[in-house]
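# from the sequence below, what's the structure:
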Amino acid sequence: MKLYGLEPEVAGGFGENTVVSNLDNVRLKRERPIVTHLHYEFSGWLGDEILETTPCFIITESLANSIQRSELRGYTFDDTETSVTEEFEELYPRRVLPKFRRIIPQGTVEITGSTFKNWSGDDFCLSPKSILVVSEKALTVFKKHQFDHCDITELADSNGR
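Below is the predicted model of the structure:
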């Protein structure tokens, strides 16, 4: 079984309306942020339909619809607030952004180098280091959409399966 670690384009970051429920623990204990409301502020965009701002991932509504029509499992969607910076408006004065949704991986997996272990069996997983890990079936769905600026690492089962 192969899984794939995805590192999508970072086209922006947390906007001022983002809500992190464990902000004190993020600051004091370096815990992973628990984002209860994502406001993604674009400062650029190369056109891919999946984007990242750690530990969150957003996808276009078109890609979300493709995922929903598939038999993939291990994800939920949430609404995402988006905005653009002044720099974005200057660089792309006529660009209209599509609607984006947050995809929240429900599965878990551990990654060491280019191998994985303790995979939950879901098509969408989040590693302890906030890497999005997807199954081969999920990667096939992504590749039917604009997906040119995402680093993909093939992962092998550490048990040799």
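# after the helix or strand bottoming out on mean pLDDT in the chain comes which helix or strand?
Scoring the helices and strands of the chain by mean pLDDT, DSSP states H and E places helix 23-29 at the bottom, with a mean of 69. Where DSSP states H and E defines the elements, the next helix or strand beyond helix 23-29 is strand 35-37.
# which strands and helices lie in contact with that following strand?
The criterion is 3 or more C-beta pairs under 8 Å, 6 or more residues apart in numbering; DSSP states H and E, and the helices and strands that strand 35-37 contacts are strand 19-20. (C-beta placed from N, C-alpha, C; glycine too.)
# now do 10 Å
In terms of contacts (3 or more C-beta pairs under 10 Å, 6 or more residues apart in numbering; DSSP states H and E), strand 35-37 is packed against strand 19-20, strand 75-79, strand 100-105.
# gap between that strand and the chain center?
14 Å (C-alpha atoms, centre = their mean, to the nearest Å).
# just the mean pLDDT for the next helix or strand after it, thanks.
Where DSSP H and E defines the elements, the next helix or strand beyond strand 35-37 is strand 39-42. When pLDDT is averaged along strand 39-42, the result is 98.
# partner strands of strand 39-42, with direction?
Sheet partners assigned to strand 39-42 using DSSP bridges are listed as strand 12-14 (antiparallel), strand 81-84 (parallel).
# how about the helices in this protein?
23-29, 61-69, 86-91, 136-142 (DSSP state H).
# tell me what the last one is packed against?
Under the contact definition 3+ C-beta pairs under 10 Å, 6+ apart, helix 136-142 sits against strand 2-7, helix 61-69, strand 132-135, strand 151-157.
# residue closest to the middle of this structure?
Against the mean C-alpha coordinate of the chain, by C-alpha atoms, centre = their mean, the closest residue is Phe57 at 2.5 Å.
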